[in-house]
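Pasting a predicted model and its sequence here:
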Amino acid sequence: MDHTPRGGLDPHQWLDRFQRSAEPALRNNLATEEDQGLLQNLTLDHRDDGIWTIATFSMESHPAVTFVWSQRVMPDLSTEWDPEFASMLFRTHLIEWFHTKAKKRRPSADGVIRNA
């Protein structure tokens, strides 16, 4: 993928800073939610259309359910935002999705609720 993130960072540097910012902050955000969440995994997925970040998490208020939020971060967020701000947007979108949509849906047969 030929893409230069905002600020001229190398794409690998941008992704590294994004992930270093996103993971600990998301763990903290989920843990302090009223629903008491736990981040299980945060991964990068290199696809034909860009790089996606996938967060897998659980919430104490929904036992036996796994939530999976995925969002394309490169080039979508990396074009406009520095890695730390993009990380905050990613976390905000995830928490908003959980409260406005995910917790109202029924999980699939395997106990998973996905945004996509």
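Structure's in. What do you need?

Work out for me the element the residue most central in space within the chain sits within.
Nearest to the mean C-alpha position of the chain, counting by CA atoms, centre = their mean, stands residue 55 at 4.6 Å. Residue 55 belongs to strand 50-59 when assigned by DSSP states H and E.

Please state the offset of that strand from the chain centre?
4 Å (CA atoms, centre = their mean, to the nearest Å).

what are the pairing partners of it, and which direction each?
strand 37-47 (antiparallel), strand 66-74 (antiparallel) (DSSP bridges).

any idea how far the residue nearest to the centre of the chain lies from residue 79?
Going from residue 55 to residue 79 by CB to CB, to the nearest Å gives 21 Å. C-betas here are computed from N, CA, C, even on glycine.

hang on, residue 115 packs against residue 68?
Yes: using CB atoms under 8 Å, residue 115 makes contact with residue 68 at a distance of 7.2 Å.

I'd like to know how far the nearest residue to residue 80 once chain neighbours are set aside sits from residue 111.
Of all residues not flanking residue 80 in the chain, residue 6 sits nearest, at 6.1 Å (CB to CB, 6 or more residues apart in numbering). As for residue 6, its distance to residue 111 is 38 Å (criterion: CB to CB).
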